[in-house]
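*Asks:* please find the sequence and the predicted model below.
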Amino acid sequence: MKLVLIAAGLMVSTLGIAADSPDSVTLKSKYGNITFNHKVHGQSMSCSACHGETIGPLAPLGKDRGHAICLDCHKKGGEGPTRCGDCHKK
């Protein structure tokens, strides 16, 4: 019974965090900021696809990690921008 209550509590707390997440997110980059629709991404994949086990904002990504999370997913899924200027806007 305790396990069920703990699991239910985690689900409710995660839903509350998801409801408070922003519609749009801008990631800072020296090559031009990247703004994307967080709400659309959140509806099509799990939070952990980008955030891992962390709940809340990601740590600064850097080029390698950003490309591993975003660009690789766009290429594998066949959706989303894959050219530099499509994401990085100056």
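*Replies:* Received the coordinates, thanks. Residues are numbered from 1 along each chain as shown.
*Asks:* next SSE after the helix or strand bottoming out on mean pLDDT in the chain?
*Replies:* Using mean pLDDT, DSSP states H and E, the weakest-scoring helix or strand in the chain turns out to be helix 2-19, at a mean of 46. Sequence-wise, the next helix or strand downstream of helix 2-19 (DSSP states H and E) is strand 24-27.
*Asks:* run the chain-centre distance for that following strand.
*Replies:* 10 Å (CA atoms, centre = their mean, to the nearest Å).
*Asks:* ok, the helix or strand following that strand: who's next to it in the sheet?
*Replies:* Scanning forward in sequence from strand 24-27 by DSSP H and E, the next helix or strand is strand 34-37. Strand 34-37 has these partner strands in its sheet, going by DSSP bridges: strand 24-27 (antiparallel).
*Asks:* and the strand it pairs with, what's buried?
*Replies:* Val25 (16 or more other CB atoms under 10 Å). (Glycine included, C-beta is placed from N, CA and C.)
*Asks:* show residues contacting it.
*Replies:* Strand 24-27 has contacts (CB atoms under 8 Å, 6 or more residues apart in numbering) with 33-39, 61, 66.
*Asks:* show the buried residues in these.
*Replies:* 34, 61, 66.
*Asks:* any weak-confidence spans in this structure?
*Replies:* For the chain, the stretches flagged by pLDDT under 70 are 1-19.
*Asks:* in JSON lines: the buried ones among the contacts of strand 24-27, plus distance to Cys50.
*Replies:* JSON lines is the format used below for the buried ones among the contacts of strand 24-27 (distance: CB to CB, whole Å):
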{"residue": "Ile34", "distance to Cys50": "13"}
{"residue": "Leu61", "distance to Cys50": "10"}
{"residue": "Gly66", "distance to Cys50": "10"}
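*Asks:* test my guess that Ser29 contacts His88.
*Replies:* Yes - shown here, Ser29 and His88 form a contact pair, counting by CB atoms under 8 Å, at 5.9 Å.
*Asks:* count of neighbours near Gln89?
*Replies:* If you look again at residue 89, you'll see it is Lys, not Gln. 12 (other CB atoms under 10 Å).
*Asks:* tell me the bridge partners for it.
*Replies:* Counting by DSSP bridges, Lys89 is bridged to Asn33.
*Asks:* thanks a lot, catch you later.
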